[in-house]
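S.K.: Okay, predicted coordinates and the sequence, questions at the end:
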Amino acid sequence: MDRKKFFRGFLLGAVCALLAAGAGLGIWSRAAAQERNEGAVTDQFVEKAKLIESIVKEKYTGETDDQLMEDTMYKGLMASLGDPYSAYYTKDEMEEVTKETSGSYKGIGVVMQQDAETGTIKAVRCYENAPGAKAGLLPEDEILEVNGESVSGMELSEVVDKVTSSEDEVAHLTVAREGEAEYLEFDIPLEEVNIPVVEHEMLEDHIGYIALYEFSDQIESQYREAFEDLEAQGMERLIIDVRDNPGGVLDGVCALLEDILPEGLIVYTEDKNGERVEYECEGETPLTIPLAVLVNGNSASASEVFAGAVQDYGIGTIVGTTTFGKGIVQSLIPLSDGSAVKTTTAKYYTPKGRCIHGTGIEPDVEVELAEGLEQKTTLPHEEDNQLQTAIQVVKEAEQ
């Protein structure tokens, strides 16, 4: 081949290759630009956010906090979902969330719950001898302000964080209480609180009673210890109380149900694409004595998984009032800087395929707590008409 023709051919090939590569890069660049400008966080969004930031820093008469601005934008992104169970956590908030299932934390010893429709937050349990109860806070008190700031529109975790991060380790709460014409004010010191996850005792007629306050990481071991102690005392019937239990970790309730259910499905979840995840029980230690489970409108999430499984298998009687109806899976997704996003990713279904969310678990025996007992921090057994009904149910059950 002629050298000149070779070089002309080589040059033409190289130019064509570069042109092809350039065209490929152009296509990739356009695709990347298109992807960047889909959804909410677009190039235009970033440009507008920078413009607003510059206006604020130029015109605003007060101090600005860059980190707070950034965090608030992330929180706004999650708030746009309109889902009270979805949230953005800063690194510090994430550390507080991690403590919530550890069994102890520094706080006021009050379990709070948020209404999914109204967004209102109320106390559902005030642990005996904890700071909240000692200060006079009662179950059913609606939390209006924390340290002078309204909690309206806040996610539950934000309110808890504001309480536990109070200056001088004293939380000032403004609450509304049924029957009180004026709002009530409480100054509550933050103290190290050991959460009692399980309590138990033997009632008359060899009826064991186990109260489960939260499905934390310690639930199975503490339940098993309580159950074995009652067995040693001659237990013949059992009542498990999950009233005012706000839920907890799914692994905890599944581990506990492993000690109770026969072999089979415990619960399953289903995401928006119809993908299903099943949790199975080997059924090595099914419960063989009469069982009643106490529930109420504050029994939520993992408590409903528990009651739903017991009801579907027919191994116990559910007594009380319809549960809260929070049957959704929140996935906590950690980010590389220590922050995290929590969002709803699936729904819970009982072994028979009942969706818990929005409906709750209806009791087999419905009985409202007697009027005037809702706000008692401790309820003597003889006054507790729901417990007395459960006692009658297990007494009448065949062994």
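M.R.: Thanks, I have it.
S.K.: going forward, measure contacts between C-alpha atoms and count neighbours the same way
M.R.: Noted.
S.K.: Look up phi and psi at Asp229.
M.R.: When quoted as degrees, to the nearest 10, the phi and psi of Asp229 stand at phi -70, psi -40.
S.K.: count of neighbours near it?
M.R.: 16 (other C-alpha atoms under 10 Å).
S.K.: ditto for Glu368
M.R.: Using other C-alpha under 10 Å, Glu368 has 12 other residues around it.
S.K.: do the same with the one 5 residues further on
M.R.: Using other C-alpha under 10 Å as the criterion, Leu373 is surrounded by 13 other residues.
S.K.: residues contacting it?
M.R.: Leu373 makes contacts with 379, 384, as judged by C-alpha atoms under 8 Å, 6 or more residues apart in numbering.
S.K.: Start at 6, not 1
M.R.: Got it, first residue is 6 now, which makes that one Leu378.
S.K.: Now do the longest strand along the chain: which elements does it pack against?
M.R.: In the chain, with assignment by DSSP state E, the single longest strand is strand 345-354. In terms of contacts (3 or more C-alpha pairs under 8 Å, 6 or more residues apart in numbering; DSSP states H and E), strand 345-354 is packed against strand 92-94, strand 269-275, strand 333-339.
S.K.: Just put these in JSON lines and tack on mean pLDDT, distance to Asn134 and mean neighbour count.
M.R.: Shown next, in JSON lines, are the helices and strands packed on strand 345-354 (pLDDT from 0 to 100; distance: least, C-alpha to C-alpha, whole Å; neighbours: other C-alpha atoms under 10 Å):
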{"stretch": "strand 92-94", "mean pLDDT": "91", "distance to Asn134": "30", "mean neighbour count": "26"}
{"stretch": "strand 269-275", "mean pLDDT": "96", "distance to Asn134": "36", "mean neighbour count": "20"}
{"stretch": "strand 333-339", "mean pLDDT": "88", "distance to Asn134": "32", "mean neighbour count": "16"}
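S.K.: Throw those strands into CSV and include distance to Gly325, thanks.
M.R.: Shown next, in CSV, are the helices and strands packed on strand 345-354 (distance: least, C-alpha to C-alpha, whole Å):
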stretch, distance to Gly325
strand 92-94, 32
strand 269-275, 22
strand 333-339, 22
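S.K.: out of those, nearest to Leu299?
M.R.: Leu299 lies closest to strand 269-275 among these, at 19.0 Å (C-alpha to C-alpha).
S.K.: which neighbours does the closest one have in its sheet, and in what orientation?
M.R.: Looking at strand 269-275 with DSSP bridges, its partner strands are strand 281-286 (antiparallel), strand 345-354 (antiparallel).
S.K.: Least confident of the ones you listed, on average?
M.R.: In terms of mean pLDDT, the lowest-scoring of those is strand 345-354 (a mean of 93).
S.K.: Can you point out the buried residues in it?
M.R.: 345-349, 351-354 (16 or more other C-alpha atoms under 10 Å).
S.K.: How about stretch 164-178?
M.R.: With burial defined by 16+ other C-alpha under 10 Å, the residues of stretch 164-178 counted as buried are 164-171, 175-178.
S.K.: Residues contacting that stretch, please?
M.R.: In contact with stretch 164-178 (C-alpha under 8 Å, 6+ apart) are residues 98, 101, 111-113, 148-153, 156, 190-195.
S.K.: ok so, going back, now, which of the buried residues of strand 345-354 sits nearest Leu217?
M.R.: So of the buried residues of strand 345-354, ranked by how close each gets to Leu217 (C-alpha to C-alpha), first place is Tyr353, at 20.3 Å.
S.K.: Do I have it right that the closest one meets Cys360?
M.R.: Yes - assessed by C-alpha atoms under 8 Å, Tyr353 is found in contact with Cys360 at 6.1 Å.
S.K.: shared neighbours, the two?
M.R.: Gly332.
S.K.: that older thread, gap between the longest strand of the chain and the chain center?
M.R.: Its chain's average C-alpha position is 9 Å from that of strand 345-354, according to C-alpha atoms, centre = their mean, to the nearest Å.
S.K.: now swap in stretch 208-222 and tell me
M.R.: Per C-alpha atoms, centre = their mean, the centroid offset for stretch 208-222 relative to its chain is 22 Å.
S.K.: for stretch 50-62, same thing?
M.R.: Counting by C-alpha atoms, centre = their mean, stretch 50-62 comes out at 35 Å from the chain centroid.
S.K.: same check, this time on stretch 253-260
M.R.: Chain-centre distance of stretch 253-260: 12 Å, with C-alpha atoms, centre = their mean.
S.K.: How about stretch 280-292?
M.R.: Relative to its chain's centre, stretch 280-292 lies at 22 Å (C-alpha atoms, centre = their mean).
S.K.: With stretch 65-79 instead?
M.R.: Relative to its parent chain, stretch 65-79 has a centroid offset of 28 Å by C-alpha atoms, centre = their mean.
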